[in-house]
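**Student:** here is my input, please return the structure:
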Amino acid sequence: MFTTGRIIFAVIFIIAFIIFMVISYKKDAKNHEAYYKNAAKKVAIYGTLAIIIFVALRFMTAYLL
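**Tutor:** Have a look, this model is predicted:
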């Protein structure tokens, strides 16, 4: 199914892809600090809010209707 050439190509491709991703991330690290400041807090707040609304709606439909 997989020839030796395909396996070698896949390994080289994966290694090159990882290297380019690391280089790209290092270049964009400065932009991430500027544009995504406090993003984790915002995601946590919105996620918690969504869970609270979901639980409230489930409670209302299960016990009140």
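**Student:** for this structure, longest helix please?
**Tutor:** helix 4-35 (DSSP state H).
**Student:** off-centre distance for that helix?
**Tutor:** Centroid separation for helix 4-35 versus its chain: 16 Å, with CA atoms, centre = their mean, to the nearest Å.
**Student:** continuing past that helix, what's the next helix or strand?
**Tutor:** Scanning forward in sequence from helix 4-35 by DSSP states H and E, the next helix or strand is helix 39-59.
**Student:** what is the mean pLDDT for stretch 51-62?
**Tutor:** On average, the pLDDT along stretch 51-62 is 93.
**Student:** revised request: answer the last question for stretch 30-47.
**Tutor:** Stretch 30-47 comes out at a mean pLDDT of 88.
**Student:** how long is that stretch from one end to the other?
**Tutor:** Length of stretch 30-47, first residue to last, CA to CA, to the nearest Å: 26 Å.
**Student:** now the longest helix of the chain against helix 39-59, angle please.
**Tutor:** Interaxial angle, helix 4-35 versus helix 39-59 (axes from the mean of the first three to the mean of the last three CA atoms, to 10 degrees): 90 degrees.
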